[in-house]
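A.B. asks: Pasting the sequence and the predicted coordinates here, then a few questions.
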Amino acid sequence: MEHTFDIIVVGGGLMGSSIAYHLAGEGFGGRIAVFEKDPTYEKASTALSVGGIRRQFSTEVNVRLSQYSLAFYQEFGERMETEGERPEIDFKPRGYLFLGSEKNWPILVRHQAFQKSLGVETQLLNVKETLQLIPDLNTEDLVGSSFSAGDGYMDPHSVLQGFVRKAKYLGVEYIHQEVVEVLRKGDRLEGVKTKDGTTYFSSSIVNAAGPYAGEVGKMAGIDIPVVPVRRMVYLIKPPRLFDYDLPLVIDTSGVYFLHETGKQILTGKSRKEEPPGFNYVWDRNYFQEAIWPSLAHRIPLFDELKVVSGWTGLYEVNQWDSNGIIGEHPEVRGFYMAVGFSGHGFQQAPAVGKALSEWIRFMRYETVDVSPLGYERILEGRKVLEEEVI
Ligand SMILES: Cc1cc2nc3c(=O)[nH]c(=O)nc-3n(C[C@H](O)[C@H](O)[C@H](O)COP(=O)(O)OP(=O)(O)OC[C@H]3O[C@@H](n4cnc5c(N)ncnc54)[C@H](O)[C@@H]3O)c2cc1C
């Protein structure tokens with residue numbers, strides 16, 4: 001019985017840990033194992049993320065996921081308290097600011113109306129109001145901006161540690177082994193085998209392997225269109241530090257920037273032509289070629305700056321439609337997925353954990369209906385068309 005579990009979660013990053021935490025904390029009652037091959041999380045997407053949360057999406061399911069998660073992060077310390085200790089996640093609710101030019105303004109206007117209809121207080125700001133938020137902005141080619149106050153960014157590593165600690169406290173067992181095989185007979189799951197040759201038994205398995213989700217799918221004979229794609233982040237220091245706080249800004253060029261500790265600035269931009277692969281090489285030239293010109297145009301002060309450091313992480317990109325795949329496989333019952341978040345998984349993890357925990361316990365979604373993001377859509381040829389993937 002030692003190696004028999006009621007549910008096995010493959011991947012102990014933010015998704016896997018949120019699912020385990022929600023199950024254990026909400027009355028699942030059975031034995032839960034989370035398999036994590038690297039307890040330092042050195043290369044986990046969660047630890048390498050920039051930790052932003054926004055409700056500015058164009059599809060209802062993504063807005064609803066962020067609404068739940070935002071409320072969750074606002075109460076993170078209380079929820080994750082263990083033996084009187086509360087984790088500090090350094091949440092900075094400074095808002096998300098999408099800058100608008102002639103070209104994308106109609107899209108921002110349409111999205112703002114949609115978000116408002118779902119209860120998100122996104123505001124359209126004119127140029128003067130935008131300048132009040134960021135006085136250093138060059139607005140010559142801007143029409144205005146779309147601002148969601150209350151959204152913001154936080155320290156992803158502390159969030160992950162908070163979830164892991166609380167999940168363990170609630171009885172979840174973390175096994176630091178790499179899963180190399182999923183044992184399946186016909187449409188029935190039997191367990192997993194780890195790299196050291198041990199077999200662990202369960203008829204319920206959750207794939208929460210982040211950039212490795214496609215690999216874990218293959219182990220179960222299930223085709224999951226999720227691939228790892230390199231994303232680079234740069235820490236820069238301008239010649240003068242702003243004496244105000246930056247929201248997380250999305251420029252019209254696709255470059256994003258936000259404040260890091262000590263008023264330094266984090267920035268990046270998704271490279272469209274980046275090929276899939278487990279590539280962690282950090283390329284300083286990409287900053288010079290693709291990011292710096294846009295930054296210097298938007299904030300002239302950035303014409304002179306110092307690149308302090310940076311890092312590379314992997315997006316787990318869903319090649320089908322760039323949105324998460326959440327739920328149970330319609331044929332291989334007991335095979336659950338929380339994969340493919342394509343750059344918005346950090347903000348969705350609390351809600352995804354809640355939703356999947358409801359499905360596993362009751363076979364229905366009560367808090368956020370994530371059925372539009374089910375694997376069924378791939379089998380049936382349907383796409384979720386989200387226009388705000390960054
Ligand atoms: C540079 C960057 C910036 C980002 N910024 C944001 C942002 O601002 N906002 C946002 O919402 N999202 C952001 N994201 C995306 C977000 O980080 C991810 O969507 C999210 O962290 C995915 O969590 P996860 O638990 O699925 O994956 P991970 O954190 O990668 O966790 C998966 C875990 O599974 C383990 N694992 C894999 N295979 C196995 C196996 N076979 N056996 C055992 N263990 C295994 C891995 O070791 C890993 O720890 C960003 C990502 C990057 C790279």
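C.D. replies: Structure's in. What do you need? If you're wondering where the values come from, they're calculated on a predicted model, not measured in any experiment.
A.B. asks: List the contacts of stretch 43-54.
C.D. replies: With Cβ atoms under 8 Å, 6 or more residues apart in numbering as the test, stretch 43-54 has contacts from 13-14, 38, 41, 66, 69-70, 73, 96, 148, 151-157, 159-160, 210-211, 233, 248, 256, 258, 266, 268, 280, 311-316, 345-347, 349. Using the backbone N, CA and C atoms, a C-beta is placed for each residue, glycine as well.
A.B. asks: near the ligand, which residues of the protein show up?
C.D. replies: Contact residues (Cβ under 6 Å from any ligand atom) of the chain with the ligand: 10-16, 35-38, 41, 44-46, 48-52, 178-179, 208-212, 216, 231, 233, 313-316, 341, 343-347.
A.B. asks: And the buried ones among these, selectable in ChimeraX?
C.D. replies: Restricted to buried positions by 16 or more other Cβ atoms under 10 Å, the ChimeraX selection for the residues of the chain next to the ligand reads:
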select :10,11,12,13,14,15,16,35,36,37,41,44,45,46,48,49,50,51,52,179,208,209,210,211,212,216,231,233,313,314,315,316,341,343,344,345,346,347
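A.B. asks: Name the SS class of Gln161, please.
C.D. replies: Classification of Gln161 using DSSP: H, G, I helix; E, B strand; the rest coil returns helix.
A.B. asks: can you check Ser18 too?
C.D. replies: Under three-state DSSP, the three-state class of Ser18 is helix.
A.B. asks: before we move on, what about Ala213?
C.D. replies: Applying three-state DSSP: Ala213 is helix.
A.B. asks: Tell me how many other residues crowd it.
C.D. replies: If you count neighbours by other Cβ atoms under 10 Å, Ala213 ends up with 27.
A.B. asks: Might you report the residue contacts of the closest residue in space to it that isn't next to it in sequence?
C.D. replies: Sequence neighbours aside, Val339 is the residue nearest to Ala213 in space, at 3.6 Å (criterion: Cβ to Cβ, 6 or more residues apart in numbering). Contact analysis of Val339 by Cβ under 8 Å, 6+ apart lists 15, 207-210, 213, 217, 224, 226, 316, 318, 324-325.
A.B. asks: Just the ones in strands from the residues you listed, please.
C.D. replies: Secondary structure defined by DSSP state E assigns Asn207, Val226, Glu316, Asn318, Ile325 of the contacts of Val339 to strands.
A.B. asks: Max pairwise distance over those: which two?
C.D. replies: The largest separation in these, counting by Cβ to Cβ, is between Asn207 and Asn318 at 12.8 Å.
A.B. asks: Between these two, which has more neighbouring residues?
C.D. replies: Using other Cβ under 10 Å, the more surrounded residue of Asn207 and Asn318 is Asn207, with 30 against 24.
A.B. asks: beta partners for the more buried one?
C.D. replies: Per DSSP bridges, the residues bridged to Asn207 are Val10, Met337.
A.B. asks: That one contacts Glu215, correct?
C.D. replies: No - when contacts are counted by Cβ atoms under 8 Å, Asn207 is not listed as touching Glu215 (9.6 Å).
A.B. asks: from the stretch 151-300 of the chain, which residue is nearest to the ligand?
C.D. replies: Relative to the ligand, the nearest point of the stretch 151-300 of the chain is Gly210 (2.4 Å; Cβ to the nearest ligand atom).
A.B. asks: what residues are up against that residue?
C.D. replies: Shown in contact with Gly210 (Cβ under 8 Å, 6+ apart): Gly11, Gly13, Met15, Ala44, Ser45, Thr46, Leu314, Glu316, Val339, Gly345.
A.B. asks: do that again at 7 Å, thanks
C.D. replies: Gly210 makes contact with Gly11, Gly13, Met15, Ala44, Ser45, Glu316, according to Cβ atoms under 7 Å, 6 or more residues apart in numbering.
A.B. asks: can you list these in CSV and add pLDDT?
C.D. replies: Converted to CSV, the contacts of Gly210 look like this (pLDDT from 0 to 100):
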residue, pLDDT
Gly11, 98
Gly13, 98
Met15, 98
Ala44, 98
Ser45, 98
Glu316, 98
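A.B. asks: count of neighbours near the closest residue to Gly150 other than its chain neighbours?
C.D. replies: The shortest distance from Gly150 to any non-neighbouring residue, by Cβ to Cβ, 6+ apart, is to Pro93 (5.4 Å). Residues near Pro93, counting by other Cβ under 10 Å, number 15.
A.B. asks: Check the one 5 residues further on too.
C.D. replies: As a burial measure, Phe98 scores 26 neighbours (other Cβ under 10 Å).
A.B. asks: what does the helix or strand containing it rub up against?
C.D. replies: Per DSSP states H and E, Phe98 falls inside strand 96-100. The contact list for strand 96-100, computed with Cβ under 7 Å, 6+ apart, reads 54, 56, 108, 133, 142-148, 151, 247-252.
A.B. asks: where does Gly262 land on pLDDT?
C.D. replies: In this model, Gly262 is scored at 88, pLDDT.
A.B. asks: Oh, that last question was meant for Pro228, not what I typed.
C.D. replies: Reported pLDDT for Pro228: 98.
A.B. asks: swap in Asn285?
C.D. replies: Note on Asn285: pLDDT of 97.
A.B. asks: can you check the one 3 residues further on too?
C.D. replies: Each residue has a pLDDT score; the one for Gln288 is 97.
A.B. asks: just the one 4 residues further on next, same as before
C.D. replies: According to the model's per-residue confidence, Trp292 sits at a pLDDT of 97.
A.B. asks: One more: Tyr200?
C.D. replies: Looking at Tyr200, its pLDDT is 98.
A.B. asks: Quick one: the strands in the stretch 151-300 of the chain, in order.
C.D. replies: Secondary structure of the stretch 151-300 of the chain by DSSP state E, counting those that start in this stretch: the strands cover 152-153, 173-175, 179-185, 188-194, 199-201, 205-207, 226-237, 248-250, 256-259, 265-268.
A.B. asks: Nearest to Phe362 among the ones you listed would be which one?
C.D. replies: The nearest among the strands of the stretch 151-300 of the chain, by Cβ to Cβ, is strand 205-207 at 16.0 Å.
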